[in-house]
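>>> when you get a sec, could you give me coordinates for this:
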Amino acid sequence: MDLFMMNCELLATCSALGYLEGDVYHKEPDCLESVKDLIRYLRHEDDTRDIRQQLGAGQILQNDLLPIITQHTQDKALFDACIRLMVNLTQPALLCFGKVPDDPAFRHHYLQVTSYLQAYKEAFADEKLFTVLSETLYNLLQLDWEQRAEEDNLLIERILLLVRNVLHVPADPDEEKNVDDDASIHDKLLWAIHMSGLDDLLKFLACAQSEQQWSFHILEIISLMFRDQTPELLVNAGQMRSAQEKQKDMQELELLRQKELAEKRSRTLLRGARHSRFRGSYVIEGLKSIGEKDVIFHQGLHNFKNYSHDVGKPVRRVPKRKQMARDLESQRRSALNVRLFLREFCIDFLENCYNRLMYLVKEGLIRERAQQHDETYYLWAITFFMAFNRGQNFRPDVVSETISIRTFHFIEKNITNYYEMMLTDRKDATSWSRRMHLALKAYQELLLTVNEMDRSKDENIQHSSNVIKSNIFYLMEFREIFLTLLRKYDERMQPHSFLRDLVESTHLFLKMLERFCKGRNNLVVQKKRVKRRKCSQKTLQTEPTAEDLEQTWQIVSEELRTSGFQLSESLTEGAVPFDATSETPVDEQRTEALVRIQDCIMSRAGPEALSLLRAARAVWPEGDAFGSVEVEPEEELELLKQILFTKLPKSVPLDSALEEEDGVELEEEEELESVAVSETEFNYLDFIKRFASPNVVRPYIILLRSYSQNSVHTNHCITRMLHRLAVDLKMETLLYQLSIFSLFNKILGDPAATAYQELVTFAKYVLNRFFVFATKNNKAFVELLFWKNVGAVREMTEGYNKDGEGKKKGNWTPEEEEQLQRLYEEYKESGVPDIVETILPLLSSSHTRRDVVSHMVSMGLVDSVKDLKKERKGTRIVLWTEEQEQELQVLFEEFRDSDDMLGNILKRITAKRSRARIVDKILSMGLVSDRRDLYKKRKRSAPGRSAGMTEEEFFDLTERSQEKELDIEEEEEDKSDQDEDEQDYEEYVGNSVKEGQKSMSRDNALERIHSLRNMVQTLQQQGLSGPVLWLQNSLNRTADDREEDGVSHPVALVPLTEENEDAMDNKTFQKLLCTVGIRAPADGQESFWRISSSLSVNQLRSLAASLDLVETAAEGDSEGNKESSLTVEMEGDNQDMRAQALRALLLSRQRKYDSSKSKDSISCEGSSDTVEQSDHIEEKISKKRRRVLDDDYNDDDDERDISDVDPLSRNNFERSIDSDHENAPAKRRYKRVLSDEEEDN
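Reported below is the predicted structural model:
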């Protein structure tokens, strides 16, 4: 269908609107229904936007809608419908098509729609039309919120959107060929807005307390009003030029005149005084032609400089992906009256509206109430208005909202995000680059404002600037941002203007940093370092046997008894178990102290272990984890023995534990990363040294190539950075590069070189230094061909190293080399899986695998280290066959109820794979929904405690179960692969910790319940019995709900009474909540404490039972309460007494066994001991060892459920997904404004 031929139905609808007779518009009776029909037609237009194009070609908006708006304002229904229709017709073409179409046909439709929008914009430049809109908006704003209906709010939003849409229409460069100071269509539109008073209404909406919902609309309209303006032009509008500006203009004019005269003189010297009709022919000596002869040049000598072999050849086409990014900045000087109006608008806006509006916009961005890319308007406003404030009587108070560390952090975060998106979203890289440039300019303006504050005469302003600068220079993210951007600069994605602003911002930052460091003797800054360690699944050391531990203990105990438990002063002062400056939590440091004590005992250094124990007791006296304060020497000895025989979690050695293959072809292992934050003294020169890199120098040279188009300040920034590297760091060798010298030659040969005196001086300095250097280094001219790093610079100046010099090599004697060659020849054809592992034990001297591999390559036995690379387990099996999936499903169904389902599957599966691969496959098959369902189930109590069995059966069963579980753990450790992920590694460490705790689970449960009783009693004394009872009821209700539903979800504890609310702020009550297993609210996401979903029904009821209010009782009954609290999961008094008796008998046997093994141990009375004495001994020992490791129950408190997400965050996420299709920055809530389903129906 021809789009210029209007559809019959559409034509009939447009005809029913009315007609224009002269300046009077006569509407038809069906005018309102016709407008609604046009809205309905637009809703069903196709992908070519045919309805929109036909209405644009028919000029419906110019000839019908605008006259209706201006002449029939009193008809409210018709006015509202026309506004809705015009908002739809004027929406940006980018929003209609989603993006700029690549298809030529759709590109034509896109350009056609844009041309119609430009015609609409010209028609809107009418003062009468904006007067009607302003009056309507003014009347709506006069209504209070109670009187304002929903239709009124929609009309306000639609009027703002209509103004935004019209301002957003781009200028037509072919039609508007205006010069500066001439009024363009955009200027006429702005003047109509000013004359109608709409600009005053915009300022009112920006500062009114009750109209804050329109903040994003207002900021977007203001940014479009100032689209073609610069702050400098507005500041100087209507003012007389100063003498300094006049002198600057004269210098620029004189520069152009000198350049023209120099070019004239150069042309005169090239030609003779006498004119020749013949151009002549010349032979260029030394320049070969296609054959062996020299090139013959058939033109005049004045053209010789432009000669090249490429003359006459077709220009080589550069692929689109390798083309330089183009600058899209367009600036023009508007008419004087428009600039004066905009200048007054800026002054009033800064005085009354800026701080409040920017605060509202920032809050909306942080709380994700904005639409996609709305932060670009915020960044633009920072750049424009803060620059205007600097030029117009600088006042920090009017822009105080955006002068803060929060603003610096917000912009830095956006720069990082834009860069990452520019790399990932390649199709839209240009848009991300423009947003990144906008964020960079905002960051630059913040630095300029802080620098201006530093030069203020007000001491308070200077102090504020010093506080901001100290924070900027302290944090590593702010110091490193410019260095990172320079290193990552890509001229294919980032335009020339971005590089110019980046270089100028870097110059300003370094100048501020240098001035800040000069006034201080030492500056402490934050330093972050990423620690990477490889998690190897190999067993680094063999576990000591029981005999070895017993032998070690005999030696250590003899040494301590001989010394009489007396320690030297040096040992006492040197034992430091706690580091207050470390980032490691206190609980982890306590565990590390236990590990250090155990290591000292293992190395048979008894006095050092005892000194560490006493020092740790002084640091952590609570809980008697390291013994009580009045502990006896023999009790200390017993505590050291417990620490020795306890299985503690030890960290994996990092650097010295393993020496694997050659550095280039190391075996891939799992890497665990952690960021170490520390403080260090800042050195300015050391910081500048980080810029001494070819990746940093290259962008500066790219910008220097356009030195003739650069401003004087830009050339100064480039020269100053190169001067820092060449002179301050004495690394001029870094600039010895042929492209740089070629550029220097161009500058020195420029006829207007006197205008670039700073560049000329620096170029001469570098060239002079090079020619002096060339006399000492005969390879200097060859080095010109390459970019050089710091290592190459050092070699060029200090001398070159021979091949292999300075590298660590193992010392191999001729006999060892002969033995290595003989062993290799012997086992080469034997078919062993890893020949290096076979040869290593057979060598007469000890060498690492790395040494053997590298030496075999150097001897020529193998071609590359790849031939000797160790095979990784499981890497050959990639895909799962149908039979293997069926086998995995059968094994899963067979062992799903076992305690170690995953371990049993790993043992019995035919195709051996790593634990991580099997876990991923089980999850992908949908057999389980959560990875945690595959974890090994740990029993809380020893088997047989509640069963009816004799003490011998109980004793044997306990020993067998512990030995069986240790064997299973060793088998799992041997079968674990190198490529298991970090979660499996942490699970392995956690399981080993729990195994060490298994023998003490009863004492931990006793301690846990006892501590709960004490806290309940304390709260009862404080008058908080009601909240404790409320907590107990909540636990019981949650247990009943989970038992009934069969599903566990986190349950929020919502205090409804004032007493419960006060209790939630009580520290003791919060400690009780943590002990019970109720987790605190997550930062910024939750408001209430929640009962963890990991607590089972039995655990909830047991915890609720332990919260019974404590009655005042005699002291003699406390021990009975402790003993009875251990058996909350048992039923009946008989089972309770049997379990206590068995436990006492077991402890007595173990005590006798330990006493018989020790030579000097204290003799026991044996048969005279009663059950009560055994319980007393058990309680005394458990008190000292129960805090060696954290309780199993504490592991449950740290679990987080993914379903426990704040619903607000989820709603924001869904709303952000709905707006993902809107790529253009010009958008607003069209769906809400244009939806008319309810009205039409």
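>>> could you use CA atoms for every contact and neighbour count after this?
Fine.
>>> ok, and what's touching stretch 146-153?
If you take CA atoms under 8 Å, 6 or more residues apart in numbering as the criterion, stretch 146-153 is touched by Leu140.
>>> which parts of it are buried?
Residues of stretch 146-153 classed as buried by neighbour count (16 or more other CA atoms under 10 Å): Asp152.
>>> what average pLDDT does that stretch get?
Averaged over stretch 146-153, pLDDT sits at 89.
>>> cool, stretch 882-901 as well?
Averaged across stretch 882-901, the pLDDT comes to 83.
>>> buried residues of it, list them for me.
Buried, per 16+ other CA under 10 Å, within stretch 882-901: 887-888, 891-892, 896, 900-901.
>>> show me which of the residues you listed is closest to Ala325.
Nearest to Ala325, judged by CA to CA, of the buried residues of stretch 882-901 is Leu888 at 54.2 Å.
>>> show the contacting residues for that closest one.
The neighbours of Leu888, taking CA under 8 Å, 6+ apart as the test, are 905, 909.
>>> now do the host helix or strand of Lys746: everything it contacts.
Assigned by DSSP states H and E, Lys746 falls within helix 738-748. The set of residues external to helix 738-748 that reach it, using CA under 8 Å, 6+ apart, is 701, 705, 753, 759-760, 763, 767, 784-786.
>>> which of those residues scores worst on pLDDT?
By pLDDT, Ala753 ranks lowest within those, coming in at 82.
>>> surely it is in contact with Val760?
Yes. Using CA atoms under 8 Å, Ala753 makes contact with Val760 at a distance of 7.0 Å.
>>> thinking again about what came up before, average model confidence for the helix holding Lys746?
Averaged across helix 738-748, the pLDDT comes to 94.
>>> after that helix, heading C-terminal, what element do we hit next?
Per DSSP H and E, helix 738-748 leads on to helix 757-776 as the next helix or strand towards the C-terminus.
>>> what's that following helix packed up against?
Packing contacts for helix 757-776, counted by 3 or more CA pairs under 8 Å, 6 or more residues apart in numbering; DSSP states H and E, involve helix 712-723, helix 738-748, helix 780-783.
>>> distance to Gln551 and mean neighbour count for the ones you listed - can I get that in a markdown table?
Listed next are the helices and strands packed on helix 757-776 as a markdown table, based on distance: least, CA to CA, whole Å; neighbours: other CA atoms under 10 Å:
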| stretch | distance to Gln551 | mean neighbour count |
| --- | --- | --- |
| helix 712-723 | 68 | 18 |
| helix 738-748 | 72 | 17 |
| helix 780-783 | 66 | 15 |
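>>> just put these in a markdown table and tack on distance to Tyr282.
Formatted as a markdown table, the helices and strands packed on helix 757-776 follow (distance: least, CA to CA, whole Å):
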| stretch | distance to Tyr282 |
| --- | --- |
| helix 712-723 | 40 |
| helix 738-748 | 25 |
| helix 780-783 | 30 |
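>>> in the stretch 1001-1150 of the chain, which spans are helices?
Taking DSSP state H, counting those that start in this stretch, the helices of the stretch 1001-1150 of the chain run over residues 1001-1021, 1025-1045, 1058-1064, 1067-1076, 1097-1106, 1118-1125, 1133-1157.
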